[in-house]
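Here is a sequence with its predicted model. Questions after.
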Amino acid sequence: MLIVALLPSILWPPDRTAAPGASGPAGDTAALVTPSADSAAQPTVQDREPSRPEPVPSLGTPGPVATASDTVPERTVVVESPLYEYRFAAAGARLISATLREYQSFSGGDSGQAQLLPRNTRFLAFAFISGRDTLPFEASTFTPDADELQVGPGGATLVWTGTVGRRPARITYRFQPDEYVFDVEGEIEGGAEGVVTVGLGPRLHSVDADTAMDIRTYGVVTKANRTERLDFRSLDPGERRELVGPFEWVAIKSKYFVAALLTLEPGQPQFGGALAVGLPKEGRYETDVDVTASLPSSDGRFRMRAYIGPQEYKRLKAIGHDFDDVNPYGWILRPVIRPVVDYLILPVLLWMHETLNLAYGWVLIVFGIAIRIILWPLNQKAMRSSMAMQAIQPEMKVIQEKYKNDPPRQQQEMLKLYREHGANPLGGCLPMLIPMPVLFALFFVFANTIEFRGVSFLWLPDLSRADPYFIIPIVMGASMFVLSWLGQRGVPPNPQAKMMMYLMPGMFTFLFLRFSSGLNLYYAVSNLASLPQQWLISRERQRRLGQRSG
């Protein structure tokens with residue numbers, strides 16, 4: 001299954017020369033309609049019919065990607081803490097830049113700290129729709145109560161005042177110094193019942209070296225009863241996809257970072273829905289999508305929380321709302337893999353790093369050895385069961401030939417043979433199936449965990465990126481070959497098994513060449529830690545073969 005899923009991306013990789021944010025001008029965008037009286041509590045986002053005369057709020061026109069060094073509009077307010085630097089524009093009092101001080105940009109052309117928002121960002125672009133009136137906040141200039149803000153231990157508040165549709169309006173942001181999540185409150189005085197729309201798109205700015213991989217992970221994620229993801233690349237230009245709520249949160253994500261809107265209280269979905277509109281693509285793999293969420297308002301007021309930062313497990317877990325599931329990986333095995341990741345693998349890895357004070361490279365090595373030690377009894381049982389089945393192969397062939405025209409009798413004799421020799425045809429499979437969720441979960445963890453991003457180890461500059469010298473994947477493939485060779489010792493000659501002994505290590509080495517070095521390191525260590533057990537079983541198999549020959 002892994003080969004089928006991953007081999008196409010290895011054989012036909014995307015064009016890495018294309019800029020990750022280039023796009024042409026946007027066409028017509030979607031409009032948001034006011035819910036009817038019977039649906040005001042949970043409004044949804046819908047397309048407005050072209051013939052209707054109501055004003056349509058623009059969702060923005062994509063432009064070139066911003067970098068950390070790009071200029072910003074003159075009238076801005078800078079909010080700083082040890083974790084971040086946010087810049088807000090007076091036009092609409094919206095966020096236009098989010099720099100994370102603890103993360104570096106590895107994208108070509110960028111340098112310094114990671115800046116997550118592109119120049120054409122629509123994140124926190126507000127509009128209020130009531131009846132036939134659409135009031136976009138960014139059409140108005142707001143006045144801040146401070147020109148800059150330092151977020152200290154007690155937090156800080158930034159208040160913007162202005163007018164929206166000739167009505168006084170206020171937007172308040174409340175920040176904490178050690179959190180990427182902040183509170184958002186808005187009010188239009190005299191506001192009637194309606195819907196507040198909030199922009200999130202068109203994407204995050206790629207700050208990773210492998211921009212092609214980053215682009216492929218762009219998506220909008222929503223949380224209702226469960227987490228659902230819509231990949232940006234699944235939308236064609238102009239295609240609109242309505243996401244029906246209510247939602248606890250709506251987010252856009254890249255591989256390692258996320259920007260999201262959340263309701264105030266976990267378990268209380270308030271976002272009525274969201275709309276994703278595919279924007280024009282200049283290159284084959286470019287993906288810009290306008291994402292807009294809707295929030296019901298009974299009096300022109302709204303409250304929510306916003307997050308823009310890393311997909312760091314502990315931070316997302318502390319927020320609640322199951323926000324740590326913002327990257328819903330695992331394919332069809334997700335219901336099994338996700339609990340293994342949340343309650344076993346990630347807590348253990350983080351505990352080893354923080355409590356034992358081990359670098360993440362050594363954490364992977366120790367964890368790989370520990371997993372092999374824990375699984376030793378299961379592997380031992382599987383290997384010995386396989387040996388028992390191999391030992392009775394000649395007798396099985398005799399029974400199959402003797403009763404080939406009498407299947408019921410053949411089955412009875414086979415069961416009798418199994419009982420006499422203590423063999424179990426499933427004994428070699430079941431012990432190997434038990435740890436499979438762990439093995440699959442490890443694959444996704446090492447490929448998606450931001451804690452490994454930018455972490456060097458020995459000659460490896462970054463555990464989240466491929467080994468530049470291909471040493472680790474070659475060691476992994478060589479150790480896999482040795483394991484297969486030991487597994488064939490003392491076994492009757494089998495041409496198919498011999499072919500697989502050469503084919504599989506070569507294929508996996510080729511597949512893993514471009515995978516993260518942390519993932520390769522774990523599997524290489526795991527293979528090396530398996531060699532003693534495989535060697536002992538090989539000796540035991542040869543001794544039994546010698547006894548039978550004697």
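Structure's in. What do you need?

nearest residue to Ser254 other than its sequence neighbours?
Leu204 (4.6 Å; CB to CB, 6 or more residues apart in numbering). (Each C-beta comes from the backbone N, C-alpha and C, glycine too.)

check contacts around that neighbour.
Leu204 is in contact with 116-118, 218, 252-254, 257-259, counting by CB atoms under 8 Å, 6 or more residues apart in numbering.

Keep only those of those residues that are in strands.
With strands taken from DSSP state E, the overlap with those comprises 252-253, 257-259.

which of the residues you listed sit farthest apart?
Using CB to CB, these reach their maximum pairwise distance at Ile252 and Phe257, which is 9.6 Å.

Now render the contacts of Leu204 as TSV, adding pLDDT, distance to Asp324 and neighbour count.
Formatted as TSV, the contacts of Leu204 follow (pLDDT from 0 to 100; distance: CB to CB, whole Å; neighbours: other CB atoms under 10 Å):
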residue	pLDDT	distance to Asp324	neighbour count
Leu116	94	19	27
Leu117	94	23	23
Pro118	91	25	27
Tyr218	92	19	23
Ile252	95	17	26
Lys253	94	13	22
Ser254	93	16	26
Phe257	95	14	26
Val258	95	11	25
Ala259	96	16	26
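
Among these, which one sits closest to Ser294?
Relative to Ser294, the closest of these is Ile252; by CB to CB it sits at 15.5 Å.

roughly how far apart are that closest one and Leu417?
60 Å (CB to CB, to the nearest Å).

What of Val250?
Distance from Val250 to Leu417, counting by CB to CB: 61 Å.

Comparing these two, which residue is more hemmed in?
The residue with more neighbours, out of Val250 and Leu417, is Val250; 28 against 15, by other CB atoms under 10 Å.

I'd say that one and Phe271 touch.
Yes. Using CB atoms under 8 Å, Val250 is in contact with Phe271, at 5.6 Å.

so what sits against both of these two?
Common neighbours of Val250 and Phe271 (CB under 8 Å, 6+ apart) are 261, 293.

Helix or strand next in line after the helix or strand harbouring Ile369, which one?
Secondary structure from DSSP states H and E places Ile369 in helix 360-374. Sequence order places helix 376-391 as the next helix or strand after helix 360-374, per DSSP H and E.

How about the secondary structure of the closest residue to Val164 other than its chain neighbours?
Distances taken as CB to CB, 6+ apart put Leu135 closest to Val164, at 4.8 Å, once the chain neighbours are dropped. Following DSSP: H, G, I helix; E, B strand; the rest coil, the label given to Leu135 is strand.

how about Leu135, what does it touch?
Contacts for Leu135 (CB under 8 Å, 6+ apart) come out as 127-129, 164-165, 167, 188.

can you check Ala125 too?
Applying CB under 8 Å, 6+ apart to Ala125 gives the contacts 60, 92, 94, 136-138, 198-199.

Kindly indicate which of the residues you listed lies nearest Arg226.
The nearest one, if we look at the contacts of Ala125 relative to Arg226 and count by CB to CB, is Val198, at 22.4 Å.

helix or strand for the closest one, which one?
Using DSSP H and E, Val198 maps to strand 194-199.

ok, now Pro408?
If you go by DSSP H and E, Pro408 is part of helix 407-421.

likewise Gly245?
Assigned by DSSP H and E, Gly245 belongs to strand 240-247.

quick one: low-confidence parts of the stretch 351-500 of the chain?
For the stretch 351-500 of the chain, the stretches with pLDDT under 70 are 422, 425-435, 490-494.

do the stretch 101-250 of the chain as well
Short version for the stretch 101-250 of the chain, where the test is pLDDT under 70: none.

ok, the nearest residue in space to Ile319 that is not next to it in sequence - how many residues close by?
Of all residues not flanking Ile319 in the chain, Val181 sits nearest, at 5.9 Å (CB to CB, 6+ apart). Val181 has 18 neighbouring residues, counting by other CB under 10 Å.
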